[in-house]
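> fold the following for me, if possible:
(chains A and B)
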Amino acid sequence: MASYSTNEFKAGLKVMLDNDPCAIIENEFVKPGKGQAFSRVKIRNLKTGRVMERTFKSGESLEGADVVDVEMQYLYNDGQFRHFMVPDTFEQYQTDEKVVGESGKWLKDQDTCTVTLWNDAPLAISPPNFVDLAITQTDPGVRGDTSGGGGKPAVLETGAVVRVPLFVQIGELIKVDTRTGEYVSRVKE
Amino acid sequence: MTHDWQPTCSLELIRLRAKMLAELRQFFAEKLVLEVETPLLSHSSGTDPQLEFFTTDYCLLPHRQTLFLQTSPEFAMKRLLAAGSGSIYQIGKAFRNGESGRFHNPEFTLLEWYRVGFSLAQLMDEIAELIAGLFSDQGLQETQRVSYQDVFVSYTGLNPLIFSYQDYCAFARDSQLSEAISLCGYDHGLWLDFLFSHKVQPYLGENALCLVYGYPACQSSLARISEENHQLAERVELFINGIELGNGYYELIDPKEQNERFDKEQVIRQQQKLPVTVKDQRLVAALESGLPECSGVAIGLDRLLMLLSGSTAIDEVLSFPICRA
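As a prediction, this is how the structure comes out:
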C-alpha cells in the first residue's frame, strides 16, 4: 500500500494508525509564523467508530489502508454469522454480530447494503439510509387519527423498535430513516 | 464548463480590501512613516529552518542564477533603515513554500513597518492604535498585553523558560496530546511550538487584540535578547480570536550576533537536510555600517481581512488562492 504525507491528508482518505484502519475526517494546517508546521487531523477509527484528534509534524506520512466500500446483497442470518453477496460476482462474505453491530436491526433479506472491507474482510456494515420494513407488533391504534401527535412503539420484522403514529397498524409496511431510527411514512405495496 | 476562472472571494471583499489598504496608508501618512518598495526577488534568502522558500531561475544569457522569492521584506527594509531612511512601511507580497491551509496561502500580503527609536512597548502601543482604528466598527474589547510566560503558565501550568521533560510529558498525557512526546522528544523549542499552538493560542484575544510579549530566548528569531533577563527575547506576537496576525521585534542590530544566528540556523538546516540557503551578506554589511535602534512588526493582511469580514478561510478573502492562481 502507498503511504501518504500530511499534505495529502484529505477527508475520506483511509490510512493505518496504531495498527487500525482509519478514515481522515478533517486536516488542519497549523503553523506559527516562526515555528514548526503541524497537521492537526480529525480521524475516525473504522473498527471502533471512535473519532479522535491527532497531530503530526508536517511532512510525516502514514501507510494507506486497503479499505473499500462494496455494495452487497444481504442474504441471511444463520444464527452465528450474517451472509452477504456481491451481486455481480456472486462472491460471498460472512460476518459476526460484532462487525454488524447496530446496523443489524435494519437488515432485511435481499436488501442491498454497503459492506466496508479491510484487507478483503468485512469491517463494517452500513444499511441504506431508508428501509421499508413491515410492522410485526404494535398496539391497536385509533383509526382516523392522522394527527401524528403522540405515537406508540412498533416492532418491525427485523426486530428494530421505532416510534410510529397511532394510526399505523400491524402488517403495514413503513419507511424508516436508519440514520436517526425515525419513522418517515407508510409505504403502499 | 469550469468555474475556476472566477475569484473565490466576493466582490464585497475586494472592496473591503481596498478600503483596508487605504486606511493603512492614511494611518502611516499621518504619522509621517514613509512608504517604500523593496524587491520580491533576491540573491539571498532567510536562513530560518521553519521557512521554506521558492526559487526561480534568472537567465541573462550566458549567465544563469538562482534567485529567491522573499519570505518577508525584512532584510531589504533593514538595509534601507541602515541607509538612513528613517521610519518606513511596506505593503507587499511574501512567499512561503509548502504553506497552504485554512489560514495559509503560499503567496500572501504583508504589512511590515519599522519605527526608528521606538522601544518594543512603544511599537505595541502603535499596533494597538492601528488595530483599534481598523476595527472601529467591530467593537473590539480593549487591547490585552500579556507576557508569554504568564499566558503559558495560566493555560498549561508549565514554565516555558525551563524545560522539564517529565512535566511537559505529563501535561501532554493529561491533555490527550500524547503524540507530542514522540513528536517533540527533547526539543524544547518544538515543545513550545506544539503546546502554544494547541493549548494557548486558540484562547488568545477573544474579540480583542492580544499582544503576547517576552518570548523565550530560544524563540527569539530576529529579536534582541532582553538586557534585564537573558532568558527572554524582545519579541511580540499579535492575536485576535486565536488567530496569529503578526510578529514584531525590538530589532537585533549587532552584526556579529546576527551572523552567528545565521550560521546556527544554517547548521540546523544541514542537520535537517533542508535546502541550503545563501546567507544575506548584504544585511550583515548593513548592520556593520549601523542599523539605528528600532522596532519593527509584520502583519498578515489577508488574515486581518478574514477577521474584519468574519471569514473562516483565507480563500474567502483572496481573489485567486493558489489553487486558482
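> look up how far B:K264 lies from the single nearest residue of chain A relative to chain B.
For chain A and chain B, the shortest gap (CB to the nearest CB) falls at A:F29, measuring 2.7 Å. The way it works is simple: take the backbone N, C-alpha and C, and place the C-beta from them, glycine included. Note on A:F29: its distance to B:K264, by CB to CB, to the nearest Å, is 27 Å.
> more neighbours: these two, which one.
A:F29 (19 against 12; other CB atoms under 10 Å in any protein chain shown).
> pretty sure the more buried one sits against A:S39.
Yes - contact criterion CB atoms under 8 Å: A:F29 and A:S39 qualify, at 6.2 Å.
> now for the two: what residues contact both?
A:S58 (CB atoms under 8 Å, 6 or more residues apart in numbering or on different chains).
> and the residue nearest the centre of chain A, bridged to which residues?
Computing the C-alpha centroid of chain A and ranking residues by CA atoms, centre = their mean puts A:S126 first, at 3.2 Å. Taking DSSP bridges as the rule, A:S126 bridges to A:T114.
> for the worst-scoring helix or strand of chain A on mean pLDDT, buried residues please.
In chain A, no helix or strand scores lower on mean pLDDT, DSSP states H and E than helix A:97-100, which sits at a mean of 88. For helix A:97-100, a neighbour-count test (16 or more other CB atoms under 10 Å in any protein chain shown) marks A:99-100 as buried.
> how much space between the closest residue to B:L291 other than its chain neighbours and B:R145?
Closest residue in space to B:L291, ignoring its immediate chain neighbours: B:I253 at 4.3 Å, by CB to CB, 6 or more residues apart in numbering or on different chains. As judged by CB to CB, B:I253 and B:R145 stand 24 Å apart.
> can you check B:V276 too?
40 Å.
> the two: which is more packed in?
The neighbour comparison of B:V276 against B:R145 (other CB under 10 Å) goes to B:R145, with 15 against 11.
> would you confirm that the more buried one contacts B:Y213?
Yes - counting by CB under 8 Å, B:R145 touches B:Y213, with 6.8 Å between them.
> any shared contact partners between the two?
Counting by CB under 8 Å, 6+ apart, the residues touching both B:R145 and B:Y213 are B:M124.
> residues from chain A in reach of chain B?
A:7, A:28-38, A:40, A:53-58 (CB under 8 Å from any CB of the partner chain).
> from the residues you listed, list just the buried residues.
A:29-38, A:40, A:54-58.
> out of these, which are inside strands?
Taking DSSP state E, the ones among those that sit in strands are A:29-30, A:38, A:40, A:54-57.
> same list, the residues you listed, but as CSV with pLDDT and distance to A:E157 please.
Shown next, in CSV, are those (pLDDT from 0 to 100; distance: CB to CB, whole Å):
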residue, pLDDT, distance to A:E157
A:F29, 95, 49
A:V30, 94, 50
A:F38, 96, 51
A:R40, 96, 45
A:R54, 96, 42
A:T55, 96, 47
A:F56, 96, 47
A:K57, 94, 52
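> which two among those are spaced furthest apart?
A:F29 and A:R54 (14.3 Å; CB to CB).
> same question for stretch A:66-85, mean pLDDT?
For stretch A:66-85, mean pLDDT rounds to 93.
> only alpha carbons, please: show that stretch as CSV.
C-alpha atoms of stretch A:66-85 as CSV (Å, rounded to 0.1, in the frame of the first residue of the first chain):
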residue,chain,number,x,y,z
ASP,A,66,-6.7,-1.2,2.0
VAL,A,67,-10.3,-0.2,2.8
VAL,A,68,-13.1,-0.3,0.2
ASP,A,69,-16.9,0.1,0.3
VAL,A,70,-18.7,-2.6,-1.7
GLU,A,71,-22.4,-2.7,-2.4
MET,A,72,-23.7,-6.2,-1.4
GLN,A,73,-26.9,-8.0,-1.0
TYR,A,74,-27.7,-9.2,2.4
LEU,A,75,-28.6,-13.0,2.2
TYR,A,76,-29.5,-14.4,5.6
ASN,A,77,-28.5,-14.9,9.2
ASP,A,78,-27.6,-18.4,10.1
GLY,A,79,-27.7,-17.7,13.8
GLN,A,80,-23.9,-17.3,14.1
PHE,A,81,-23.0,-15.3,11.0
ARG,A,82,-24.6,-13.0,8.6
HIS,A,83,-24.0,-13.7,4.9
PHE,A,84,-23.6,-11.1,2.1
MET,A,85,-23.1,-11.5,-1.6
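> quick one: contacts for the residue sitting furthest away from the middle of chain A?
Distance from the C-alpha centroid of chain A peaks at A:K34, with 42.8 Å (CA atoms, centre = their mean). By CB under 8 Å, 6+ apart, the contact set of A:K34 is B:48, B:50, B:219, B:221, B:247.
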